[in-house]
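Undergrad: Here is a sequence with its predicted model. Questions after.
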Amino acid sequence: MQGVSLGSWKLDLENLTFDETESRLKVLGIEKEDLLLPKTLDLFLQRIYVEDLPIVQDLILDLIHGRIDAYEVTYRIRTLNGGLRWFRDTCYVPKMHQENESKLAFGETLDVTDEKLIEQRLDIEGENLIEPIDVIEIRDPLTHSLNKKETINQLKMIMEQQNGEIEFLTVALIYISNFEELNRIEGRLITDHILVRTSDLIRESLKESDILGRYNFDSFLVIYKGLPNTLAEQVCKQVVKQIEDYDYGNDIPIKINYKIAEYLGESVKELISKLV
């Protein structure tokens, strides 16, 4: 895996202090002169993403206790502004230090964030390729949600099935209000990642009978069957918070808004017009 080199560093395995590189600190949003000495290992470990922390900790402990003399690991690490980056470290203890009381480990860090985002995008595209043609035609190729045409068709079918008996039916439009700014400044890799994760988080909040579709480049249409607007409002508030709180590796915070409309016997066009 290729990446952007953030320079070399040293780790004192006795005192557990880092000789950090300015490049790595800047990516994390830390100025070297702002750090209090000594720069301890804990300062570094507390920034690692919780799911990746045990792997990195175990490797460093093995290095400290002499069980290994080198390792390579890829992990996610948080920046001061709330973003998330992918780092890849290679670290080793030279033979001249392996039998000394004061041991030094030498490492190098690559920022492989862009490569990881490309991998995720290719994985999604690969999943789409193995689907039947009729499934591909009704789904958005990026988020795997229903496309706009199929979502509206599903809404029409649900309304027709009611046969004049109005049951609870609520639709919601959930949209990224600062999408164009994110796309311009952060780039397509980040915004594609945001769209995929937004779709996943909305999908996880739905019942089996609910329907999710991508309505526009920056928005999703949700059909809540059997749900009044008051309850749909609660669901939307919870999922919006989850979407905004998730760490996408972006510098600009994502802003999510939503609109809700309850079906009261009008046409599909009239119902959608309440949202857009």
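TA: Noted; the coordinates are in hand.

Undergrad: quick one: what helix or strand has Glu51 in it?
TA: Glu51 belongs to no helix or strand when elements are defined using DSSP states H and E.

Undergrad: what's the closest non-adjacent residue to the residue nearest the centre of the chain?
TA: Nearest to the mean C-alpha position of the chain, by C-alpha atoms, centre = their mean, lies Tyr248 at 3.9 Å. In this structure, Tyr248 finds its nearest non-sequential neighbour in Ile194, 5.2 Å apart by C-beta to C-beta, 6 or more residues apart in numbering. The way it works is simple: take the backbone N, C-alpha and C, and place the C-beta from them, glycine included.

Undergrad: Please, which helix or strand holds that neighbour?
TA: Taking DSSP H and E as the definition, Ile194 sits inside helix 188-204.

Undergrad: And for that helix, what's in contact with it?
TA: Outside helix 188-204, the residues that touch it by C-beta atoms under 8 Å, 6 or more residues apart in numbering are 114, 117-118, 120-121, 124, 142-145, 174, 176, 179, 182-183, 212, 214, 220, 222, 239, 242-243, 246, 248-250, 254, 256.

Undergrad: which parts of it are buried?
TA: For helix 188-204, the neighbour count (16 or more other C-beta atoms under 10 Å) marks 189-199, 201-203 as buried.

Undergrad: Residue ranges in the protein under the pLDDT threshold?
TA: The chain contains residues with pLDDT under 70 at 1-2, 28-40, 80-83, 96-102, 120-136, 163-166.

Undergrad: which residue ranges form the helices in it?
TA: Ranges of helices in the chain, per DSSP state H, are 22-28, 41-45, 53-64, 95-98, 113-129, 133-137, 148-161, 179-186, 188-204, 229-245, 268-273.

Undergrad: With distance to Thr170 as extra columns, can I get the ones you listed in TSV?
TA: Output for these, formatted as TSV (distance: least, C-beta to C-beta, whole Å):
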stretch	distance to Thr170
helix 22-28	43
helix 41-45	45
helix 53-64	41
helix 95-98	65
helix 113-129	29
helix 133-137	27
helix 148-161	11
helix 179-186	24
helix 188-204	14
helix 229-245	4
helix 268-273	10
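
Undergrad: Can you check which of the ones you listed gets nearest to Trp86?
TA: Nearest to Trp86, of all the helices of the chain, is helix 113-129, at 4.3 Å by C-beta to C-beta.

Undergrad: Now do the same contact list for Thr90.
TA: Shown in contact with Thr90 (C-beta under 8 Å, 6+ apart): Ala70, Tyr71, Glu72, Gly107, Glu108.

Undergrad: out of those residues, which are inside strands?
TA: Using DSSP state E, the members of those that fall in strands are Ala70, Tyr71, Glu72, Gly107, Glu108.

Undergrad: Apart from its neighbours in sequence, what residue is nearest Thr109?
TA: Leu6 (4.3 Å).

Undergrad: For burial, what's the neighbour tally of the one you found?
TA: Neighbourhood size, Leu6 [other C-beta atoms under 10 Å]: 23.

Undergrad: Over to Ile272?
TA: Neighbour tally, Ile272, other C-beta under 10 Å: 17.

Undergrad: Do I have it right that it meets Val171?
TA: Yes. Assessed by C-beta atoms under 8 Å, Ile272 is found in contact with Val171 at 7.4 Å.

Undergrad: you'd agree Gly249 is up against Thr113?
TA: Yes. Between Gly249 and Thr113 there is a contact at 6.1 Å, judged by C-beta under 8 Å.

Undergrad: Name the residues contacting each of these two.
TA: Joint contacts of Gly249 and Thr113 (C-beta under 8 Å, 6+ apart) are Arg85, Trp86.

Undergrad: quick one: contacts for the closest residue to Glu233 other than its chain neighbours?
TA: Among residues not flanking Glu233 along the chain, Ile260 sits closest, at 5.9 Å (C-beta to C-beta, 6+ apart). With contacts taken as C-beta under 8 Å, 6+ apart, Ile260 has the following neighbours: Thr170, Val171, Ala172, Asn229, Ala232, Glu233, Cys236, Leu275.

Undergrad: where does Ile260 sit relative to Tyr75, distance-wise?
TA: Separation of Ile260 from Tyr75 (C-beta to C-beta, to the nearest Å): 40 Å.

Undergrad: what does Glu167 give?
TA: Plainly put, Glu167 is 49 Å away from Tyr75 if you go by C-beta to C-beta.
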